[in-house]
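Undergrad: how would this look folded up:
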Amino acid sequence: MFANLSKKLLDAIGNIGKRGVLTDGVVDTAIREIRVSLLEADVALSVVKSFASNVREKLVGQKTISGLTSEQTIIKIVYDELVNLLGTPGDAREISKCKAILMVGLQGTGKTTTSAKLAHMLQTKYNKKVLLVSLDTYRPAAIQQLRKLASQNSIDIFDDLELETDTPLTIAQRSYEARSKYDTVIYDTAGRLHIDRDMMDEVESIKKILAHSETYLVIDGMMGQDSVNTAKVFNEAVEVTGLILTRADGNARGGAALSAKTVSNCQIKYMCTGEKIQDIEVFHPDRIASRILDRGDVMSLVEKAMDTDIVDGIKDIAAGKKFDMNGMEMYLIQLEKIGGLGGFMKFLPGVSKLKSKLAEANITDKSVARQVAIIRSMTKQERRSPETLNASRRKRIAAGCGQQVSDVNKLVKQFEQIKMMMSKLKNPRALAQISDKFR
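TA: Model (predicted):
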């Protein structure tokens, strides 16, 4: 989402940093280029003006911070303002205490899928007993969609429905009695193609029935300023308690995320980063600001690694367990769970430079899949003892998976490099502490 904004901001800051001293002329040029970068990212004009004014105020008369270059000084100031602009961080523990969550939003924003993602997160990370309730009696197959998602992910769903006569209000009233059996009940309300009074009245009536529920508005990151304006109207009408940003993995320009807090007066609590049920994460302004400025997001990477047991696997190897091609396959599969090579890279510092180098080397998510195919073409003995892979064996493996012998050679070389790195891990206790910290 922020790739284009990140590139333009870094280019602007880099051009200023090369000029050395932060004179008034240099500051004016910096502000102008930063303002253009934000406007091109579809950030609201009022937000751009405020942001540029705050950055300029801090830059005027600013001496280079001790130990930092002019470029690093500007980055530090821009980072602080981005964090302020994005608002306060979401707290996953907040949602684990909610008895009822009302999901609202326009049609097509991913509200039903997001409801299932929240339920899955509560069940898997917080051991909560969750019930899904569909209040969408208008859209064809809306209830069936939620049933399918619930069934696929072992989530309970309120199915005591009389489709011919039920209305959202009657379903909400009957399902209210089931709340005592569950830690959290998530209500998926109907969306509309546009905001209308009937829609708002219905949501308000449902809120009165549920009492003390959280109201999360789902907004589409691909819609830019339209989604932010929608959030403003919803908040004024039904008092939204938080936003969930969907399609954060798309090619949107990032304006919705940067404008949401200021324009709508609502905080983004979570964002959806993919289509899989586990692709939802707490919104951390400091981490997002760090990604925008190409400084990486190691904390989120470690958390994702913990979710996929990558760190646990490293601990096993550090404790003395042999690393073979079976272990190599496991790590490639775990990399895919994180989101493939692209999903992994977005958390790394200097990702812009890395992307260009990987493109030149033709290393993509598909190359990871090819590597797994190569490993699966090996015999059990070859997986356990990669040192037996002579020329004839490598030729047979390449033919078995439809790859070139050179591809097999590259995999074996990569395996040896990783094995050498793993052998240097001598402190499993430190890794255990990392694991405990994020569990």
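
Undergrad: Low-confidence ranges, the protein, go.
TA: Along the chain, segments meeting pLDDT under 70 span 1, 16-22, 61-68, 89-94, 96, 163-164, 250-252, 296-322, 335-366, 421-439.

Undergrad: please redo it, this time with the cut-off set to 50
TA: The chain contains residues with pLDDT under 50 at 318, 320, 361, 425-426, 428-439.

Undergrad: From the centre of it, give me the residue that's furthest out.
TA: Centroid-distance maximum for the chain: residue 392 at 44.3 Å, with Cα atoms, centre = their mean.

Undergrad: Can you tell me the element that one falls in?
TA: helix 391-401 (DSSP states H and E).

Undergrad: Check which residues of that helix are buried.
TA: 394, 397, 398, 401 (16 or more other Cβ atoms under 10 Å). Any C-beta I mention is one placed from the backbone N, CA and C, and that applies to glycine too.

Undergrad: biggest separation within these, which pair?
TA: Taking Cβ to Cβ, the two most distant members of these are 394 and 401; they sit 11.3 Å apart.

Undergrad: Direction included, what does the top strand by length along the chain pair up with?
TA: For the chain, the longest strand by residue count, based on DSSP state E, is strand 214-220. Looking at strand 214-220 with DSSP bridges, its partner strands are strand 100-104 (parallel), strand 242-246 (parallel).

Undergrad: Next one: the residue lying closest to residue 194 once chain neighbours are set aside from residue 149, what distance?
TA: Excluding its sequence neighbours, the residue lying closest to residue 194 (Cβ to Cβ, 6 or more residues apart in numbering) is residue 106, at 7.2 Å. For residue 106, the distance to residue 149 equals 20 Å [Cβ to Cβ, to the nearest Å].

Undergrad: mind giving me the domain ranges of the chain?
TA: Here the domain assignment for the chain is 3-86, 92-292, 298-438, based on automatic domain parsing.

Undergrad: winner for burial among these?
TA: Highest mean neighbour count among the domains of the chain (mean count of other Cβ atoms under 10 Å): domain 92-292, with a mean of 19.

Undergrad: Run through the strands of the stretch 251-400 of the chain in chain order.
TA: Using DSSP state E, counting those that start in this stretch, the strands of the stretch 251-400 of the chain run over residues 268-272, 280-282.

Undergrad: so which of those gets nearest residue 288?
TA: strand 268-272 (8.6 Å).

Undergrad: Direction included, what does the closest one pair against?
TA: strand 242-246 (parallel), strand 280-282 (antiparallel).

Undergrad: can you put the buried residues of helix 391-401 in CSV and add distance to residue 367?
TA: Listed next are the buried residues of helix 391-401 as CSV, based on distance: Cβ to Cβ, whole Å:
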residue, distance to residue 367
394, 17
397, 16
398, 15
401, 13
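
Undergrad: out of those, which one sits closest to residue 98?
TA: When the buried residues of helix 391-401 are compared against residue 98 (criterion: Cβ to Cβ), the nearest one is residue 401, at 48.2 Å.

Undergrad: Same list, the strands of the stretch 251-400 of the chain, but as a markdown table with distance to residue 290 please.
TA: Shown next, in a markdown table, are the strands of the stretch 251-400 of the chain (distance: least, Cβ to Cβ, whole Å):
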| stretch | distance to residue 290 |
| --- | --- |
| strand 268-272 | 15 |
| strand 280-282 | 14 |
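
Undergrad: Identify whichever of these lies nearest to residue 117.
TA: That would be strand 280-282 among the strands of the stretch 251-400 of the chain, by Cβ to Cβ, at 4.2 Å.

Undergrad: gap between the two ends of stretch 384-398?
TA: End-to-end span of stretch 384-398 (Cα to Cα, to the nearest Å): 18 Å.

Undergrad: Not counting that stretch itself, show me its contacts.
TA: 324-326, 374, 377-378, 381-382, 404-405, 407-409, 412, 415 (Cβ atoms under 8 Å, 6 or more residues apart in numbering).

Undergrad: do that again at 6 Å, thanks
TA: Identification of contacts with stretch 384-398 by Cβ atoms under 6 Å, 6 or more residues apart in numbering yields 324, 325, 377, 378, 404, 405, 408.

Undergrad: Quick one: the strands in the stretch 101-250 of the chain, in order.
TA: 130-134, 156-157, 184-188, 214-220, 242-246.

Undergrad: Show the contacting residues for residue 107.
TA: 191, 192, 193.

Undergrad: got the contact list for the closest residue to it other than its chain neighbours?
TA: Spatial nearest neighbour of residue 107, excluding adjacent residues (Cβ to Cβ, 6+ apart): residue 191 at 3.5 Å. By Cβ under 6 Å, 6+ apart, the contact list for residue 191 reads 105, 106, 107, 111.

Undergrad: Also residue 419?
TA: For residue 419, counting by Cβ under 6 Å, 6+ apart, the contacting residues are residue 323.

Undergrad: can you tell me the helix or strand for it?
TA: Using DSSP H and E, residue 419 falls in helix 405-423.

Undergrad: distance of the spatially most central residue of the chain from residue 186?
TA: In the chain, the C-alpha nearest the mean C-alpha coordinate belongs to residue 273, at 3.8 Å (Cα atoms, centre = their mean). Here residue 273 is placed at a distance of 19 Å from residue 186 (Cβ to Cβ).

Undergrad: Likewise for residue 159?
TA: With Cβ to Cβ as the criterion, residue 159 and residue 186 are 15 Å apart.

Undergrad: now swap in residue 132 and tell me
TA: 5 Å.

Undergrad: For the residue nearest to residue 107, what are phi and psi?
TA: phi -100, psi 170 (degrees, to the nearest 10).

Undergrad: thinking again about what came up before, report the contact partners of the residue nearest to the centre of the chain.
TA: Here residue 273 is in contact with 248, 249, 279 (criterion: Cβ under 6 Å, 6+ apart).

Undergrad: If we only consider the residues you listed, which is nearest to residue 124?
TA: Of those, the one sitting nearest to residue 124 (Cβ to Cβ) turns out to be residue 279, at 12.8 Å.

Undergrad: For residue 280, see how far away the nearest residue to the closest one once chain neighbours are set aside is.
TA: Once flanking residues are discounted, residue 279 sits nearest to residue 273: 4.9 Å by Cβ to Cβ, 6+ apart. Separation of residue 273 from residue 280 (Cβ to Cβ) stands at 7 Å.

Undergrad: Check the contact lists of these two and give me the overlap.
TA: Joint contacts of residue 273 and residue 280 (Cβ under 6 Å, 6+ apart) do not exist.

Undergrad: Helices along the stretch 101-250 of the chain, start to end?
TA: All helices of the stretch 101-250 of the chain, identified by DSSP state H, counting those that start in this stretch, fall at 111-126, 142-152, 168-176, 197-210, 225-238.
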